[in-house]
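S.K.: fold the following for me, if possible:
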Amino acid sequence: MARGLLGFFATGPDQPEITDKATIDTLFRRHRFRVMVAITLGYGLIYICRLAIGVVKKPLIDQGVFSPAELGMIGSALFWTYAIGKLTNGFFADHANMRKFLTASFLLSGLCCIAMGSVNYLWPAVIIWGLNGWFQSFGAPGGVVAMTAWYSNNERGRMYGIWSTAHSIGEGLTFLLVGAVVTWMGWRAGFWVPGLIGIVVALFTWMLLRDRPRTMGLPTVADWRNDHYVGPARVEQSTVLRTQLSILKLPAIWILAVSSALIYVTRYAINSWGILYLQEDRGMDLQSAAGLLFISTIAGIAGAISYGFISDKIFGARRPPVNLIFAILELTGLLLFFFGPNTMLSLTIAMILFGVGLTGLVTALGGLFAVDVAPKRVAGAAMGVIGVFSYIGAALQENISGFLIEKHMTTIGDDKVYDFGPVIWVWVGASVLSMLLAASLWRTRLRD
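M.R.: Take a look at the predicted model:
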């Protein structure tokens with residue numbers, strides 16, 4: 001059965017190459033646009049199926065369905081399976097048909113989200129949310145493999161920046177849409193509506209996405225654009241696994257993996273607990289808190305696009321200087337968010353700075369920089385190695401945050417009083433360490 005499943009998802013054989021230049025140009029232009037639309041909007045919309053739980057935490061706690069520590073267990077289940085899946089599925093993605101690979105993952109994630117809205121017990125919720133994490137783990141490596149197959153070296157930073165807006169699109173729609181749905185219809189609808197969106201996204205992806213150019217009789221995109229770092233040599237299919245394993249010998253990959261893990265601590269701390277923090281520490285209602293985090297995601301779209309443009313056009317595809325700039329923006333926003341005045345103006349500025357800086361860092365540390373320093377044919381494996389560390393960081397954050405928030409929560413009558421002080425320093429410290437590690441790669445160069 002496993003062999004049949006792998007065979008079903010395997011990329012198709014190379015077709016005889018089309019020789020008419022006009023036809024090649026037409027097909028490339030048509031499918032490159034469709035691929036970018038599919039992987040950007042598809043991955044962005046399927047994010048809603050992952051982040052919905054962050055919006056419904058207060059209703060779940062208030063109604064006694066789950067405690068903060070139990071929600072930490074449920075949330076970490078997704079991150080642990082996502083971490084493992086991003087590694088294994090990252091390696092698998094280099095061999096897979098992206099159309100089938102991504103469509104199946106989006107469909108199954110949507111079904112998990114629908115099932116999550118029907119459970120009241122801890123362990124079924126842990127299992128369902130863990131399965132959701134596994135299916136979600138197909139998305140990032142699949143998107144990067146599709147992008148690197150259809151876009152060449154000297155446009156990769158800009159295209160990766162555009163694709164990275166998917167994070168902000170998904171996060172923004174989650175806070176805006178799910179926040180409204182939960183307010184009007186209750187926490188169960190906060191899972192059911194995203195699940196239905198996931199099913200629609202799967203159909204949308206199947207219609208738009210296509211596998212690699214060679215399976216359609218087209219040359220590689222590097223040959224089409226004459227865009228090679230070092231000559232036109234290709235990695236043959238029989239040596240793909242060996243090339244995948246070779247990236248484990250690159251010190252820069254390991255440093256990037258830890259740096260990314262640390263920035264993911266902060267990223268998912270705000271995504272998972274930011275609304276609860278704003279409700280309890282800053283006195284906001286659900287829709288106001290969700291709206292404020294939505295601002296950070298809009299800023300994040302600008303951050304992702306500007307990161308790719310600045311690093312490609314101003315710094316000649318050198319990522320470390322831009323990493324430092326965006327890390328300073330992210331930390332400034334984070335400190336203002338937690339320690340600045342309790343006014344809407346101050347919090348809005350904080351979220352803009354944080355959103356721009358964080359999304360730029362996620363773009364680079366979470367994949368682009370790794371794709372730069374690893375052989376391009378094994379982009380999925382590079383994303384997998386970075387991804388497993390990133391989501392181990394996210395999973396540990398979820399457990400640690402849930403534990404610290406519950407430990408420092410007291411009940412006075414019917415009211416729960418929170419002390420976020422200890423956990424805030426964990427989140428801020430992770431960002432500082434990530435910045436220092438990323439800066440240590442200042443002299444790292446690109447390779448083909």
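
S.K.: stretch 307-326: how far from the chain's middle?
M.R.: 20 Å (C-alpha atoms, centre = their mean, to the nearest Å).

S.K.: what about the helices in the stretch 1-150 of the chain?
M.R.: For the stretch 1-150 of the chain, applying DSSP state H, counting those that start in this stretch gives helices covering 2-9, 21-46, 48-55, 57-62, 68-93, 98-116, 122-136, 139-150.

S.K.: make JSON lines out of these and add mean neighbour count and mean pLDDT.
M.R.: The way it works is simple: take the backbone N, C-alpha and C, and place the C-beta from them, glycine included. Conversion of those to JSON lines gives the following (neighbours: other C-beta atoms under 10 Å; pLDDT from 0 to 100):
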{"stretch": "helix 2-9", "mean neighbour count": "10", "mean pLDDT": "54"}
{"stretch": "helix 21-46", "mean neighbour count": "18", "mean pLDDT": "89"}
{"stretch": "helix 48-55", "mean neighbour count": "26", "mean pLDDT": "87"}
{"stretch": "helix 57-62", "mean neighbour count": "18", "mean pLDDT": "85"}
{"stretch": "helix 68-93", "mean neighbour count": "24", "mean pLDDT": "84"}
{"stretch": "helix 98-116", "mean neighbour count": "24", "mean pLDDT": "92"}
{"stretch": "helix 122-136", "mean neighbour count": "21", "mean pLDDT": "94"}
{"stretch": "helix 139-150", "mean neighbour count": "27", "mean pLDDT": "84"}
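
S.K.: could you dump those to CSV with distance to R214?
M.R.: Listed next are the helices of the stretch 1-150 of the chain as CSV, based on distance: least, C-beta to C-beta, whole Å:
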stretch, distance to R214
helix 2-9, 17
helix 21-46, 12
helix 48-55, 32
helix 57-62, 46
helix 68-93, 16
helix 98-116, 13
helix 122-136, 27
helix 139-150, 8
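
S.K.: wait, which of these is closest to S434?
M.R.: helix 68-93 (16.8 Å; C-beta to C-beta).

S.K.: mind giving me the packing neighbours of the closest one?
M.R.: helix 48-55, helix 57-62, helix 122-136, helix 139-150, helix 379-407 (3 or more C-beta pairs under 8 Å, 6 or more residues apart in numbering; DSSP states H and E).

S.K.: what count of nearby residues applies to the spatially closest residue to S296 that is not a sequence neighbour?
M.R.: The spatially closest residue to S296, leaving aside those adjacent along the chain, is G355, at 3.5 Å (C-beta to C-beta, 6 or more residues apart in numbering). For G355, the neighbour count with other C-beta atoms under 10 Å is 29.

S.K.: within the helices and strands, which one has G355?
M.R.: Using DSSP states H and E, the element containing G355 is helix 344-363.

S.K.: got it, and L433?
M.R.: With DSSP H and E as the test, L433 turns up in helix 421-439.

S.K.: what comes up buried for that helix?
M.R.: Judged by neighbour count (16 or more other C-beta atoms under 10 Å), helix 421-439 contains these buried residues: 423-424, 426-428, 430-431, 434-435, 437-438.

S.K.: turn these into a markdown table, columns for distance to W163 and pLDDT.
M.R.: Compiled in a markdown table, those are given as follows (distance: C-beta to C-beta, whole Å; pLDDT from 0 to 100):
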| residue | distance to W163 | pLDDT |
| --- | --- | --- |
| V423 | 31 | 91 |
| I424 | 31 | 94 |
| V426 | 30 | 95 |
| W427 | 26 | 95 |
| V428 | 28 | 96 |
| A430 | 25 | 96 |
| S431 | 23 | 96 |
| S434 | 21 | 95 |
| M435 | 24 | 95 |
| L437 | 24 | 93 |
| A438 | 20 | 90 |
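
S.K.: out of these, which is nearest to F294?
M.R.: Taking C-beta to C-beta as the measure, F294 sits nearest to W427 out of these, at 19.8 Å.

S.K.: was I right to think the closest one contacts Y268?
M.R.: No - applying C-beta atoms under 8 Å as the test, W427 and Y268 come out as separate, 9.6 Å apart.

S.K.: joint contacts of these two?
M.R.: Counting by C-beta atoms under 8 Å, 6 or more residues apart in numbering, the shared contacts of W427 and Y268 are Q397.
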